[in-house]
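Q: My questions concern the predicted model and sequence given below.
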Amino acid sequence: MSAINKRNNDLRYDGHVTVVKNLKSHANDPYVLKKVEQAKAILSKVDLSNIEKK
(Lines give C-alpha, C1' and ligand atoms only; values in the text may rest on other atoms or scores of the structure.)
Protein backbone atom coordinates (compact mmCIF):
# COMPACT_ATOMS: atom_id res chain seq x y z
CA MET A 1 0.00 0.00 0.00
CA SER A 2 1.39 3.38 -0.90
CA ALA A 3 1.78 6.20 1.60
CA ILE A 4 -0.93 8.24 -0.13
CA ASN A 5 -3.54 5.48 0.14
CA LYS A 6 -2.67 4.84 3.78
CA ARG A 7 -3.01 8.54 4.61
CA ASN A 8 -6.40 8.74 2.89
CA ASN A 9 -7.63 5.74 4.89
CA ASP A 10 -6.46 7.33 8.15
CA LEU A 11 -8.34 10.57 7.46
CA ARG A 12 -11.61 8.86 6.53
CA TYR A 13 -14.42 9.36 9.03
CA ASP A 14 -16.38 6.17 9.56
CA GLY A 15 -18.79 7.39 12.25
CA HIS A 16 -17.03 5.84 15.22
CA VAL A 17 -15.84 7.88 18.19
CA THR A 18 -12.74 6.90 20.11
CA VAL A 19 -12.80 7.70 23.81
CA VAL A 20 -9.37 8.33 25.30
CA LYS A 21 -9.29 7.65 29.04
CA ASN A 22 -6.03 9.45 29.73
CA LEU A 23 -7.02 12.76 28.11
CA LYS A 24 -6.00 15.78 30.16
CA SER A 25 -8.84 17.67 31.82
CA HIS A 26 -8.90 21.46 31.62
CA ALA A 27 -11.44 21.79 34.45
CA ASN A 28 -8.93 23.43 36.81
CA ASP A 29 -6.75 25.15 34.22
CA PRO A 30 -6.15 28.77 35.36
CA TYR A 31 -6.45 30.12 31.80
CA VAL A 32 -9.78 28.40 31.23
CA LEU A 33 -11.11 29.49 34.63
CA LYS A 34 -10.15 33.10 33.90
CA LYS A 35 -11.93 33.01 30.54
CA VAL A 36 -15.04 31.45 32.10
CA GLU A 37 -15.17 34.20 34.73
CA GLN A 38 -14.79 36.86 32.02
CA ALA A 39 -17.61 35.28 30.02
CA LYS A 40 -19.86 35.18 33.10
CA ALA A 41 -19.16 38.86 33.77
CA ILE A 42 -20.02 39.82 30.20
CA LEU A 43 -23.19 37.72 30.15
CA SER A 44 -24.36 39.17 33.45
CA LYS A 45 -24.32 42.65 31.86
CA VAL A 46 -26.32 41.60 28.77
CA ASP A 47 -30.10 41.60 28.89
CA LEU A 48 -31.35 38.56 26.97
CA SER A 49 -35.01 38.83 27.98
CA ASN A 50 -36.13 40.43 24.70
CA ILE A 51 -34.67 37.74 22.43
CA GLU A 52 -37.23 35.29 21.03
CA LYS A 53 -36.45 31.62 20.68
CA LYS A 54 -36.86 30.19 17.19
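A: Cool, got the structure. Residues are numbered from 1 along each chain as shown.
Q: Tell me the pLDDT of residue 6.
A: What the model reports as pLDDT for residue 6 is 53.
Q: typo on my end, residue 16
A: The model's pLDDT for residue 16 equals 78.
Q: which residue is nearest the middle of this protein?
A: Geometric centre of the chain, nearest residue: residue 26, 11.1 Å, by CA atoms, centre = their mean.
Q: Secondary structure element holding it?
A: Using DSSP states H and E, residue 26 maps to neither a helix nor a strand.
Q: try residue 37
A: helix 30-45.
Q: number of nearby residues for residue 30?
A: 7 (other CB atoms under 10 Å). C-betas here are computed from N, CA, C, even on glycine.
Q: so how far is residue 43 from residue 35?
A: As judged by CB to CB, to the nearest Å, residue 35 and residue 43 stand 12 Å apart.
Q: isn't the residue nearest to the centre of the chain right up against residue 32?
A: Yes. Counting by CB atoms under 8 Å, residue 26 does reach residue 32; the two are 4.9 Å apart.
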